[in-house]
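# Quick check, what structure comes out for this input:
(one chain, ligands or ions: 1)
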Amino acid sequence: MKAADRFDVIIVGAGISGLYMLHRARQLGLSARVIEMGGDLGGTWYWNRYPGARCDTDTLEYSYSFDEDLQQEWEWPERYPTQPEILAYLNHVADRFDLRRDISFSIKVEAATFEETTNRWRIRSDDGAELSARFLVMATGSISAPNMPAIEGMDSFSGPIYHTARFPHEGVDFSGKRVGIVGTGSSAVQAIPVIAEQAKHLTVFQRSAQWSTPARNRPVDPAVVAEIKADYAGFRARNRLQPSGQLSHIPGNDFSALSVDEDERQRIFEERWQLGGFSFYGSFNDIQMNPESNKATADFVRTKIQEIVEDPQVAEMLSPDYTIHCKRPVLDSGYFETFNRSNVLLVDIGAAPIQAITPEGIRTGDSDYDLDIIIFATGFDAMTGALLKIDIRGRDGLRLREKWAAGPVNYLGLQVSGFPNLFTITGPGSPSVLTNMMVAIEQHVEWVSDCIGYMAERNHTCIEATEAAQQAWVAHVNEVAGKTLQVTCNSWYLGANIPGKPRVFMPLPGFPQYVEKCDEVAAKGYEGFALS
Ligand code: NAP
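Numbers count the residues shown, from 1 in each chain. Okay, the predicted model is just below:
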């Protein structure tokens with residue numbers, strides 16, 4: 001192997017995690033290489049270019065906090081950043097820290113094997129290259145492997161078929177077209193109002209109705225920005241103490257929905273509905289735990305849907321019948337209002353599932369729908385999908401796919417026993433997708449780079465989670481998740497959207513407690529890990 005092919009760290013993915021990991025690895029004086037399968041950097045924000053794509057975390061919180069000048073200089077125009085704005089921001093970060101020179105684009109990592117004789121990872125990619133590294137950091141994203149359902153006749157359709165997570169970079173002109181969109185998750189809820197305005201006709205194929213609340217996007221208030229920037233570090237620190245690492249300026253109410261009378265309950269819901277954003281779910285402190293409080297919340301939102309949607313039958317179809325805030329909550333800008341348009345049709349494929357794609361369009365159990373364009377907004381093989389697409393083999397040739405056959409197991413969401421020196425950024429078993437992703441990513445990248453720095457100072461070459469620590473961690477994640485109502489519906493948190501995927505609640509609720517545990521583990525010399 002050529003000397004140039006050997007690195008201290010190989011990072012897979014040039015999204016938000018990979019970029020920051022590269023920066024931190026360089027600060028440690030390590031040689032590092034990022035391998036990215038996309039044609040450019042940005043991860044999620046490189047791929048997800050569907051109409052209306054934007055983040056639903058407030059701009060002032062959806063940005064890196066690690067560099068004071070960076071966070072002071074960047075200006076966001078609106079409450080929620082659009083996909084092009086986030087991509088521009090990430091490119092700015094890459095330029096500012098001169099990151100591009102250590103990133104290889106358009107290369108897909110196919111396999112990674114741990115060599116016990118050298119304690120190094122050997123990485124093979126689709127360009128035929130072989131690389132070797134002491135540490136392998138998987139910055140492959142939690143929701144990055146698209147889920148494209150296998151439907152008969154897919155190849156027969158006469159028009160184009162798109163997936164929201166692989167949307168054409170040049171955009172799509174919908175004018176004069178009959179468009180069909182399958183799915184009503186976050187991506188579809190953002191895309192539907194925008195496409196409906198442009199297309200001749202839009203048919204929405206809905207398997208499950210969606211709980212969605214208003215985003216209430218608006219221009220940022222310069223006075224609020226100035227106040228936050230006067231003490232950005234303090235703002236970030238306060239956010240990290242929130243359960244989902246965000247919204248410290250609109251904290252949740254710390255009392256039960258059942259502790260107030262009906263009038264007061266409605267007043268609080270209405271106040272937060274008008275405020276917009278995830279703060280709605282902070283109306284009361286037990287919406288995610290207590291079935292009665294959850295029902296009161298669901299009833300409030302259902303009434304709103306019925307008020308907004310003019311046709312009572314359509315309103316009924318759009319009203320979910322499962323626990324609210326069980327699936328990942330969705331924020332919208334005029335989603336329910338869109339179904340009042342004369343060019344929009346809602347089709348219930350829960351009742352009459354899609355049977356085939358035909359040359360003309362989509363055939364369900366009871367009708368044929370003629371279309372010019374089909375869009376699948378069918379989500380992702382979340383949390384494990386991107387990792388398991390790569391043939392990862394640890395000690396004794398053990399494959400990660402086998403190790404995780406019954407669902408993901410690991411320690412702290414960071415390392416899998418039997419896979420030394422391999423780190424997963426925002427892996428299953430960590431708060432990840434239940435948190436502002438920026439906050440979760442920064443915490444993981446900092447923990448991993450501090451760990452590598454610690455090892456370098458002590459001449460350790462190998463770190464591996466112990467089986468005992470892993471078992472205790474998996475039990476802990478299950479116990480914490482089991483106390484919430486989030487385990488009660490068919491969500492991607494549970495892998496329920498992917499046929500045959502083991503049903504395991506993958507993320508861990510409670511960011512501050514998790515950070516405390518990670519810090520404690522590090523302070524105790526990486527307790528639960530074997531260092532050699
Ligand atoms: P998603 O939430 O998983 O939604 C997928 C939709 O497709 C659901 O309505 C699902 O129905 C439907 N579906 C899946 N497989 C299907 C099949 N075989 N036949 C028919 N319908 C099918 O995916 P997403 O909307 O792309 O969002 C995924 C996650 O990405 C979000 O939860 C969020 O974390 C993130 N995201 C964030 C933003 C943002 O920041 N604003 C925007 C987009 C995405 P069921 O509900 O019945 O499964």
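# Helices of the stretch 251-400 of the chain, start to end?
Along the stretch 251-400 of the chain, counting by DSSP state H, counting those that start in this stretch, helices occupy 262-275, 291-308, 312-317, 335-338, 385-388, 400-403.
# How about residues contacting stretch 82-95?
Outside stretch 82-95, the residues within contact range by C-beta atoms under 8 Å, 6 or more residues apart in numbering are 15-16, 19, 41-42, 45-46, 48-49, 53-55, 62-64, 70, 74, 76-77, 81, 99-100, 103. For the C-beta atoms, the positions are set from N, CA and C on the backbone; glycine is no exception.
# Check those one by one and keep those near the ligand.
Under the cut-off given by C-beta under 6 Å from any ligand atom, the ligand has C55 from these close to it.
# all helices of the stretch 51-200 of the chain, in order?
With DSSP H, counting those that start in this stretch as the definition, the stretch 51-200 of the chain shows helices at residue ranges 68-73, 83-96, 186-198.
# okay, the ones you listed, which one's buried deepest?
Most buried of the helices of the stretch 51-200 of the chain, by mean neighbour count (mean count of other C-beta atoms under 10 Å): helix 186-198, with a mean of 22.
# That helix - contacts with which helices or strands?
The contact analysis (3 or more C-beta pairs under 8 Å, 6 or more residues apart in numbering; DSSP states H and E) places helix 186-198 against strand 178-182, strand 201-206, strand 330-332, helix 335-338.
# JSON lines please, covering the ones you listed and showing mean pLDDT.
What follows is the helices and strands packed on helix 186-198, written out as JSON lines (pLDDT from 0 to 100):
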{"stretch": "strand 178-182", "mean pLDDT": "98"}
{"stretch": "strand 201-206", "mean pLDDT": "98"}
{"stretch": "strand 330-332", "mean pLDDT": "98"}
{"stretch": "helix 335-338", "mean pLDDT": "98"}
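# contacting residues for P353?
P353 neighbours (C-beta under 8 Å, 6+ apart): R207, T364, G365.
# Looking at those residues, which one is closest to H476?
Nearest to H476 among the contacts of P353 is R207, at 32.9 Å by C-beta to C-beta.
# from memory the closest one sits against A188, does it?
No. Using C-beta atoms under 8 Å, R207 makes no contact with A188, being 10.8 Å away.
# In the chain, which residue sits nearest the ligand?
G185 (2.1 Å; C-beta to the nearest ligand atom).
# Test my guess that that residue contacts P329.
No. Contact criterion C-beta under 8 Å: G185 and P329 do not qualify, at 10.9 Å.
# Of these two, which one has the most company?
Each of G185 and P329 has its neighbours counted (other C-beta atoms under 10 Å); G185 has more, 22 against 18.
# residues near the closest residue in space to P320 that isn't next to it in sequence, how many?
Excluding the flanking residues, the one nearest P320 by C-beta to C-beta, 6 or more residues apart in numbering is A209, at 4.1 Å. Residues lying near A209 (other C-beta under 10 Å) number 19.
# Next: E467.
Using other C-beta under 10 Å, E467 has 13 neighbouring residues.
# mind listing what it touches?
S417.
# what pairs with the closest residue to L422 other than its chain neighbours across the strands?
Excluding the flanking residues, the one nearest L422 by C-beta to C-beta, 6+ apart is L136, at 4.9 Å. For L136, the beta-bridge assignment (DSSP bridges) gives partners I10, L422.
# looking at it, L136 is touching G13, isn't it?
No. Using C-beta under 8 Å as the test, L136 is too far from G13 to be in contact (11.5 Å).
# show me what contacts the residue positioned nearest the centre of the chain?
Geometric centre of the chain, nearest residue: I143, 4.5 Å, by C-alpha atoms, centre = their mean. When contacts are counted by C-beta under 8 Å, 6+ apart, I143 touches T44, G379, F380, A382, M383, V433, W492.
# switch to 7 Å and redo it
I143 makes contact with F380, A382, V433, according to C-beta atoms under 7 Å, 6 or more residues apart in numbering.
# Neighbour-wise, give me the winner out of those residues.
Neighbour tally across those (other C-beta under 10 Å): the maximum, 27 neighbours, falls on A382.
# how far away is the closest residue in space to that residue that isn't next to it in sequence from S65?
Nearest residue to A382, sequence neighbours excluded (C-beta to C-beta, 6+ apart): W492, at 4.5 Å. From W492 across to S65, the span is 28 Å (C-beta to C-beta, to the nearest Å).
# do Q274 as well
Counting by C-beta to C-beta - Q274 and S65 are separated by 29 Å.
# So the two - more neighbours on which side?
With neighbours defined as other C-beta under 10 Å, Q274 and S65 compare such that S65 has more, 18 against 10.
# what about the nearest residue to the more buried one once chain neighbours are set aside, which helix or strand?
Using C-beta to C-beta, 6+ apart and skipping the chain neighbours, the partner closest in space to S65 is R236 (4.4 Å). For R236, the element it lies in under DSSP states H and E is helix 232-240.
# outside of that helix, which residues touch it?
Under the contact criterion C-beta under 7 Å, 6+ apart, helix 232-240 has outside partners E61, S65, Q71, Q72, I228, G245, Q246, S248, V439, P512, V515.
# The closest residue in space to the fourth one that isn't next to it in sequence: neighbour count?
The shortest distance from Q72 to any non-neighbouring residue, by C-beta to C-beta, 6+ apart, is to K229 (5.9 Å). One way to gauge burial is a neighbour count; for K229, by other C-beta under 10 Å, it gives 15.
# What score does K229 have for pLDDT?
You'll see K229 listed with a pLDDT of 97.
# element containing it, please.
Using DSSP H and E, the secondary-structure element containing K229 is helix 222-230.
# Give me the contact list for that helix.
L60, Q72, F235.
# Among those, which one lies nearest to Y369?
The nearest member of these to Y369, counting by C-beta to C-beta, is L60 at 42.3 Å.
# per-residue pLDDT, that closest one?
For L60, the model assigns a pLDDT of 93.
# That one - how many residues pack around it?
Counted with other C-beta under 10 Å, the neighbours of L60 add up to 22.
# With L531 instead?
By other C-beta under 10 Å, the residues close to L531 number 15.
# which residue packs closest to it, ignoring adjacent ones?
H460 (4.7 Å).
# do you know how far the one you found is from D450?
H460 is 13 Å from D450, by C-beta to C-beta.
# now swap in D40 and tell me
Distance from D40 to D450, by C-beta to C-beta: 29 Å.
# Help me confirm that M506 comes into contact with S430.
No. Using C-beta atoms under 7 Å, M506 is not in contact with S430, being 9.3 Å away.
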